[in-house]
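Chemist: My questions are about this predicted structure, shown below with the sequence.
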Amino acid sequence: MLSIVELDFGTPRSTSAQQVALTIDGREVSVPAGTSVLRAASEAGISIPKLCATELLDAFGSCRLCLVEIEGRRGYPASCTTPVEAGMKVTTRSAVLQKIRHGVMELYLSDHAPGNDELPTEMRAMVDAVGVTEVRYGFDDANHVHPTSGQGAQQASKPSASRGGVGGDGVAVALDGHENHPLLNPPLEGEDFRAVSLEREDFRAVSPEGEGFGAAFHGGNGRNALYSPKDESNPYFTFDPAACIVCSRCVRACDEQQGTLALTVEGRGFASRIVASQDEGFMASECVSCGACVQACPTTALTEKTLLARGPAQSSVTTTCAYCGVGCSFRAEMRGEDVVRMVPNKDGHANHGHSCVKGRFAIGYVTHKDRILKPMIRAKISDPWREVSWEVAIGHAASEFKRIQAKYGQDSIGGITSSRCTNEETYLVQKLVRAAFGNNNVDTCARVCHSPTGYGLKSTLGESAGTQNFDSVMQADVILVIGANPTDGHPVFASQMKRRLRQGAKLIVADPRRIDVVRTPHVEAAHHLKLRPGTNVALLNSLAHVIVDEGLVDEDFVRARCEDAAFAKWRAFVGAASHSPEAMEEVTGVPAREVRAAARLYATGGNAAIYYGLGVTEHSQGSTAVMGIANLAMATGNLGREGVGVNPLRGQNNVQGSCDMGSFPHEFPGYRHVGDAAVRASFERAWGVPLQHEPGLRIPNMFEAALDGEFKGLYIEGEDIAQSDPNTQHVTASLTSMECVVVQDLFLNETAKFAHVFLPGSTFLEKDGTFTNAERRISRVRKVMPPRNSDGSRGYADWEITQLLSNAMGYPMHYAHPSEIMDEIARLTPTFHGVSFARIDELGSIQWPCNEATPEGTPTMHVHEFVRGKGRFMLTEYVPTAEKVNAKYPLILTTGRILTQYNVGAQTRRTENSRWHSEDCLEIHPQDAEDRGITEGDWVGIESRAGQTVLRATISERMQPGVVYTTFHFPFSGANVITTDNSDWATNCPEYKVTAVQITRVTQPSDWQQRYRAFSDRQQELLQEAVVK
Amino acid sequence: MTTQAHDGSAPLIKMANDIADYFHSEPDRAAAIDGMVDHLTRFWEPRMRRKIVAHYATRHGEGLSELALAAVARLAERERTSA
């Protein structure tokens, strides 16, 4: 359904390099081979009417509107399914074509009751294009007839076939809703026919005598057994069968774009209609609410509720999603300062017009009542909050930080930034800490997710980033997914990956759970390596062993591209019998024959690509596993071209960017160590202050230093460490020990409950900047509404707040716009030399490195040589985690995300997404549940060495015996009360994925949950007291 | 690995032992020690290094694994000579 009309070329773009010349309506055109005649015409500015065709979907050839004449060919082929040929002469307009299209459109209209005609639809546009003003046929489609009784029903018993002819002035009078549309008005008694006018006004016209027509159409008993009422079950969109023309675009979108195959056409002929799953309604069906069907619908049948409520947009702004690391491009359609809807951008380089339920629909948090919009301060966390002006709040924070530094030393304060912030915001936070605080105590939430990626890929390949773009997956022959759940965590990329798998690529999944992609419509993993949590490195070593042992190494690649000595050492290491699948089977739980088969497939199946996520990094051996992955890719020559590579699926929208921007305590922007004198000197010159040459504190080090009394002040922008970091009680004890905690956020999050200063943040819709996704793709974030965090004078974007704080600290910053910050980043960072807002606007997005050597960016890295020169194989000894199961804690708890919620849930919990997932549950294998007398829905206590919590049980065969699983989206769940202090040896990334636990049936919340509830309730009261002042 | 230390260095001892566990697979022992010292230098904040060195000096590195102890000893020696 259109709101703002976009040009749609009708069929997908051909990527062929070969050009084909043809003539369309006498005009010479040249297009890539494989282009449809419809698209060739459209690209030449010749519009051919269409309904079933859209460039987002493969040609279907069903609607028969896009017929053309081709010289030398019989009949009237559909231009959408006809590929161009050299010398072809095409005519798109003729009297015959007009007559055919007119007749076809009349038939469509006879099957269509326009819904809310205030909304411009593609259907309406095509009616105008074809020039239909009257319809000769009836509309006896079951979907359109309403089950009422009475006079209308009696009148309706006349079959529409008796109607015909053209003329008359149509019906009159208006009622609301499609049920009273003139197209539904029957011929009156004694009338032979009644032509239906399609003047726009008549779409609002009404005929009282026609009310209820058709109710008795099928049987004359006042009821229509085939009538389908409007489906309002989905919180975000409606489905109105009466407005549906059964063009199948929604079905095809669900199949081709999303890959869920939740929709189908049920019935035949006039009885055909669209249903979700087994006609269960959208909410109860397998539909994942990605919105592809809504976008594809050319009528008002599938329409966003916000569009119906607010009316069509008046303008749109292209921006980038603030959820996961896919970084989808969206058009925010606006009506004044209200977002009418988010529409995935067809030209988006990461998402190509696709979206998920979060990015497309879950933006209600932006205007949620829980948002805090005024700065607040308090002396103690037991005090009520006091709303103050920006000036007072910033002044108080700065004076406290200065007081603390004077008392406890320069290194006694620090800052934490977030992957939810823009690049420019993150850059400013690290600059604030290094230049204004005068130390390197800055870290980012990537510490707790993908810091091992930075370490592992830098060590082996030379750059702390993934090697490919997302489109590369379409050239992959073998896809290895390890420790990632793309359909939930990165759904838009998952759809693209499933598309490739449906084309025949082979899939290997290494995961303790049976994640969805293991078996989904038309996709089944060749191998599911169901390893025990914590044994990734053992599995990777045994895969490598097979590659070495069975002579599957790409010797030419290794010889040309990698360090000889390191490879020789690695070959001897993994070649040892102790790393064989047979030896490791006892450790991993994966049958050796499965490992051998998977290794052979990965090494010999053609282009092989690895995609991994937090199931790799969040372990005590996270960095080792990342290096093991890079080793596999190097050994098999699967790097440096399309279709292969090492691809970290980043959890949040700007994980890559926050790392790029120098927010780790040991690195300046561009991953350059603070101890590098030349690099440090370049920043000292630019910033005008001396900088420390030693690394600062990481987040967990800050906690320890706080408990040791050495770290007393913390500025936190956009991160909720009290919920997201492991061992919650340890974190909150650290926060409690500090003298000034400044939280800059949208909501009173869990960390803010321990804060002394609250600085209200701004959402991604309220500011300009850039995000960098998992492909290293830098995309623009564009302001669509002013910041809502005004203290009565004005509101601020987050980068402005950091700037205010820096100025108050005595270190001047005077940026007028985030583009100036990016200009500074580009000047100081070699991999960003070619990046600017203007350049991003020009290219749409840029994958770094972008500099003089690669002015349009770098889709594939390490093409001719690795960034570090020769690739370096690293030894990857498997070291079992210290977190052992025993008689007291016999189960392993592992954690993950779900599609509809996002990380700590601060955003998605404040949207209708909670209709799908309103609480975190504990997934338990049936055997483990039975052993403990636990049944579905029971409350179960979960106890680890770190703490206890209580969750509701759900019994699931996705789990393997001995392993339980939960998500961590709700603070009351206390998932991180259980997780331990264990962390990656190299980066201190927490080991969220392995916690030894015991579970038992219980009847009440845990002690921690009861304390949490009391504390949280009190903090809410203190907040309310601030509001009334 | 558990530790008996009660001087606030327990988390650092655990971290050092975890790092040593990684470098343990390096067959060249000198390279393993160098690698671990380099890691401590590049990633540990100076106060953390001073604490682990102090623990080595006052409690003889109690709780540290053999390789970790060797690396911390090297670190202590380097810091002493550079002081």
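Modeler: Looks like it arrived, so ask away.
Chemist: what residues are up against the residue of chain B found nearest chain A?
Modeler: Residue nearest to chain A within chain B: residue B:25 (3.3 Å; CB to the nearest CB). (Each C-beta comes from the backbone N, C-alpha and C, glycine too.) Taking CB atoms under 8 Å, 6 or more residues apart in numbering or on different chains, we find residue B:25 in contact with A:573, A:875-877.
Chemist: try 6 Å
Modeler: A:875, A:877 (CB atoms under 6 Å, 6 or more residues apart in numbering or on different chains).
Chemist: Residue A:951 too?
Modeler: Contacts for residue A:951 (CB under 6 Å, 6+ apart) come out as A:920-922, A:973.
Chemist: how close does the closest residue to it other than its chain neighbours get to chain B?
Modeler: Closest residue to residue A:951 in three dimensions, ignoring its sequence neighbours and counting by CB to CB, 6 or more residues apart in numbering or on different chains: residue A:922, at 4.3 Å. Distance, residue A:922 to chain B, using CB to the nearest CB, to the nearest Å: 28 Å.
Chemist: what's the burial count for residue B:69?
Modeler: Number of residues near residue B:69 (other CB atoms under 10 Å in any protein chain shown) recorded here: 18.
Chemist: nearest to chain B, of the contacts of residue A:951?
Modeler: Minimum distance to chain B across the contacts of residue A:951 is 26.2 Å, recorded for residue A:973 (CB to the nearest CB).
Chemist: That closest one reaches residue A:920, doesn't it?
Modeler: Yes: with contact defined as CB atoms under 6 Å, residue A:973 counts as touching residue A:920 (3.9 Å).
Chemist: Quick check: which helices or strands does the longest helix seen in chain B pack against?
Modeler: The longest helix of chain B (DSSP state H) is helix B:66-82. Where contact means 3 or more CB pairs under 6 Å, 6 or more residues apart in numbering or on different chains; DSSP states H and E, helix B:66-82 is packed against helix B:10-23, helix B:29-43, helix B:46-59.
Chemist: Please identify the residues of chain B in proximity to chain A?
Modeler: B:8, B:11, B:18-19, B:21-22, B:25, B:43, B:45-46 (CB under 6 Å from any CB of the partner chain).
Chemist: most surrounded residue in these?
Modeler: residue B:22 (26 neighbours).
Chemist: What separation is there between it and residue A:759?
Modeler: To residue A:759, residue B:22 is 40 Å away according to CB to CB, to the nearest Å.
Chemist: I'd like the average pLDDT over the helix or strand encompassing residue A:770.
Modeler: Here residue A:770 sits within strand A:769-772, counting by DSSP states H and E. Strand A:769-772 shows a mean pLDDT of 98.
Chemist: swap in stretch A:233-251?
Modeler: Stretch A:233-251 shows a mean pLDDT of 93.
Chemist: Could you identify the helix or strand that succeeds the helix or strand hosting residue A:624?
Modeler: Using DSSP H and E, residue A:624 sits within helix A:622-635. Note on helix A:622-635: by DSSP H and E, the next helix or strand toward the C-terminus is strand A:645-648.
Chemist: For that following strand, buried residues please.
Modeler: Residues of strand A:645-648 classed as buried: A:645-648 (neighbour count, 16 or more other CB atoms under 10 Å in any protein chain shown).
Chemist: Tell me which other helices or strands the helix or strand just after that strand touches.
Modeler: Once strand A:645-648 ends, the next helix or strand along the chain (criterion: DSSP H and E) is helix A:655-660. Judged by 3+ CB pairs under 6 Å, 6+ apart, the packing partners of helix A:655-660 are strand A:769-772.
Chemist: Using PDB, write out every CA atom in the strand it packs on.
Modeler: Provided in PDB are the C-alpha atoms of strand A:769-772 (Å, rounded to 0.1, in the frame of the first residue of the first chain):
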ATOM      1  CA  GLY A 769      24.600  11.200  12.700                       C
ATOM      2  CA  THR A 770      25.700   7.800  11.300                       C
ATOM      3  CA  PHE A 771      25.600   4.200  12.300                       C
ATOM      4  CA  THR A 772      28.000   1.500  11.100                       C
END
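Chemist: Just want the most central residue of chain A.
Modeler: Closest to where the C-alpha atoms of chain A average out (CA atoms, centre = their mean) is residue A:324, at 4.3 Å.
Chemist: ok, how many other residues are close to the residue lying closest to it once chain neighbours are set aside?
Modeler: Sequence neighbours aside, residue A:490 is the residue nearest to residue A:324 in space, at 5.5 Å (criterion: CB to CB, 6+ apart). Number of residues near residue A:490 (other CB under 10 Å) recorded here: 27.
Chemist: Over to residue A:400?
Modeler: Residues near residue A:400, counting by other CB under 10 Å, number 21.
Chemist: List the buried residues of the strand or helix carrying it.
Modeler: According to DSSP H and E, residue A:400 maps onto helix A:390-408. Buried residues in helix A:390-408, counted by 16+ other CB under 10 Å: A:390, A:393-398, A:400-402, A:404-405, A:408.
Chemist: Remind me which helix or strand residue A:894 belongs to.
Modeler: With DSSP H and E as the test, residue A:894 turns up in strand A:891-896.
Chemist: just how off-centre is the helix or strand just after that strand within its chain?
Modeler: Using DSSP H and E, the helix or strand that follows strand A:891-896 towards the C-terminus is strand A:921-924. How far strand A:921-924 lies from its chain's middle: 24 Å, per CA atoms, centre = their mean, to the nearest Å.
Chemist: which residues sit against whatever helix or strand comes next after strand A:921-924?
Modeler: Later in the chain than strand A:921-924, the nearest helix or strand by DSSP H and E is helix A:926-931. The contact list for helix A:926-931, computed with CB under 6 Å, 6+ apart, reads A:955, A:961.
Chemist: Next, the buried residues of helix A:926-931.
Modeler: For helix A:926-931, a neighbour-count test (16+ other CB under 10 Å) marks A:928-929 as buried.
Chemist: C-terminal to that helix, what's the next element?
Modeler: Once the chain leaves helix A:926-931, the next helix or strand it forms, by DSSP H and E, is strand A:939-944.
Chemist: who touches that following strand?
Modeler: Taking CB under 6 Å, 6+ apart as the rule, strand A:939-944 contacts A:922, A:934, A:949-950, A:952-953, A:978, A:995, A:997-1000, A:1002.
Chemist: Now do that strand against strand A:891-896, angle only.
Modeler: 100 degrees (axes from the mean of the first three to the mean of the last three CA atoms, to 10 degrees).
Chemist: can you pull the contacts of the residue positioned nearest the centre of chain B?
Modeler: The residue lying closest to the centre of chain B (CA atoms, centre = their mean) is residue B:72, at 3.4 Å. Contact analysis of residue B:72 by CB under 6 Å, 6+ apart lists B:52, B:56, B:61.
Chemist: got it, and residue A:901?
Modeler: By CB under 6 Å, 6+ apart, the neighbours of residue A:901 are A:908, A:917, A:969.
Chemist: I'd like the average pLDDT over stretch A:24-32.
Modeler: Mean pLDDT, stretch A:24-32: 97.
Chemist: how far does that stretch sit from the chain's center?
Modeler: Worked out by CA atoms, centre = their mean, stretch A:24-32 lies 39 Å from the chain centre.
Chemist: Count residues in the vicinity of residue A:73, would you?
Modeler: Using other CB under 10 Å, residue A:73 has 13 other residues around it.
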